[in-house]
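Visitor: Let's see this in three dimensions:
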Amino acid sequence: MRATQPAQVTQPAQVTQPAQVTQPARVTQPARVTQPAQITLPSPLWVSTGSMTTPRQLPTLTLLNSNKVIVTGGYTGGSNNGFTATCEIFDQSTGQWSPTASMARAVAVHVGQWSPTASMATTRAQHTATLFNSGKVIVAGGRVTGYDLVGSSEIYDPLTSQWSPTASMITPRYLYAATLLNTGDVLAAGGQTASGVTANCEIYYP
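Guide: As a prediction, this is how the structure comes out:
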């Protein structure tokens with residue numbers, strides 16, 4: 001008559017803990033796997049993007065306030081002693097280049113047309129042009145005639161269409177790179193100097 005105990009067996013029937021198993025069912029961390037999906041963040045790398053419509057050497061690249069990039073001039077090996085006045089615009093959102101109006105003498109980067117403006121105080125080539133956040137442009141270094149190097153710098157103000165001299169580079173150079181830092185200063189690196197290829201760098205403080 002006491003056989004009621006086997007008939008009740010309430011504990012095995014409930015088995016609430018195995019039925020819940022909430023932790024294995026969630027598995028939220030493996031399901032997210034956000035890091036493998038982002039891939040570009042863990043290690044630096046270069047990624048291919050669209051090619052320019054015209055192959056060219058020694059052009060200048062300038063970031064516009066629209067976040068597009070304009071490439072101007074350079075050497076193409078064609079007519080006019082191999083130099084070109086053609087220009088193109090790079091759209092970062094599409095990775096594509098598109099031709100824009102060719103240069104006459106100087107840039108009016110806010111429209112699709114070129115118009116003459118004041119000439120630089122120093123004729124130069126193989127220099128750099130860097131756009132400040134203010135909209136002004138600093139041109140520095142380069143070559144003047146033959147292999148004569150120049151370290152002078154000048155700033156173009158689009159509001160007045162005038163150039164004004166500024167501090168010269170410590171080391172005259174050409175074929176170097178220059179970029180605007182987040183601080184608003186300009187970093188110039190490497191290039192060719194009177195003594196050859198250099199790793200020397202300097203910073204311009206406006």
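
Visitor: Residue ranges in the chain under the pLDDT threshold?
Guide: Residues of the chain that meet the criterion pLDDT under 70 lie in 1-43, 45-46, 78-81, 103-116, 145-146.

Visitor: ok, now which ones touch Pro99?
Guide: Thr53, Thr86, Cys87, Glu88, Ile89 (CB atoms under 8 Å, 6 or more residues apart in numbering). In short, each C-beta sits where N, CA and C put it, glycine included.

Visitor: Looking at those residues, which is nearest Ile138?
Guide: Ranked by distance to Ile138 (CB to CB), the contacts of Pro99 are led by Cys87 at 19.6 Å.

Visitor: Save the contacts of Pro99 as a markdown table, and put in distance to Ser161 and neighbour count too.
Guide: Formatted as a markdown table, those follow (distance: CB to CB, whole Å; neighbours: other CB atoms under 10 Å):
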| residue | distance to Ser161 | neighbour count |
| --- | --- | --- |
| Thr53 | 29 | 13 |
| Thr86 | 23 | 20 |
| Cys87 | 19 | 22 |
| Glu88 | 24 | 18 |
| Ile89 | 22 | 17 |
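
Visitor: who's in contact with the helix or strand where Leu187 lies?
Guide: Assigned by DSSP states H and E, Leu187 belongs to strand 186-189. Contact with strand 186-189 is made by 128, 130, 138, 140-141, 169, 173, 176-181, 199-204, 206, as judged by CB under 8 Å, 6+ apart.

Visitor: just the buried members of those?
Guide: Listed as buried from the contacts of strand 186-189 are Thr128, Thr130, Ile138, Ala140, Gly141, Met169, Arg173, Tyr176, Ala178, Leu180, Glu202, Tyr204; burial here means 16 or more other CB atoms under 10 Å.

Visitor: And the furthest pair within those residues?
Guide: Arg173 and Leu180, at 17.8 Å, using CB to CB across those.

Visitor: So which residues of this structure form strands?
Guide: Assigned by DSSP state E, the strands in the chain fall at 60-63, 69-72, 87-91, 96-100, 128-131, 137-140, 153-157, 162-166, 177-180, 186-189, 192-193, 196-197, 201-204.

Visitor: could I get the ones you listed as a markdown table with distance to Thr122?
Guide: Putting the strands of the chain into a markdown table (distance: least, CB to CB, whole Å) gives the following:
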| stretch | distance to Thr122 |
| --- | --- |
| strand 60-63 | 16 |
| strand 69-72 | 18 |
| strand 87-91 | 22 |
| strand 96-100 | 26 |
| strand 128-131 | 13 |
| strand 137-140 | 9 |
| strand 153-157 | 7 |
| strand 162-166 | 9 |
| strand 177-180 | 16 |
| strand 186-189 | 16 |
| strand 192-193 | 18 |
| strand 196-197 | 23 |
| strand 201-204 | 16 |
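
Visitor: Out of those strands, which gets nearest to Tyr147?
Guide: strand 192-193 (9.2 Å).

Visitor: And the strands of the chain: which comes nearest Pro44?
Guide: strand 177-180 (16.5 Å).

Visitor: Widest-spaced pair of the contacts of Pro99?
Guide: Thr86 and Ile89 (11.5 Å).
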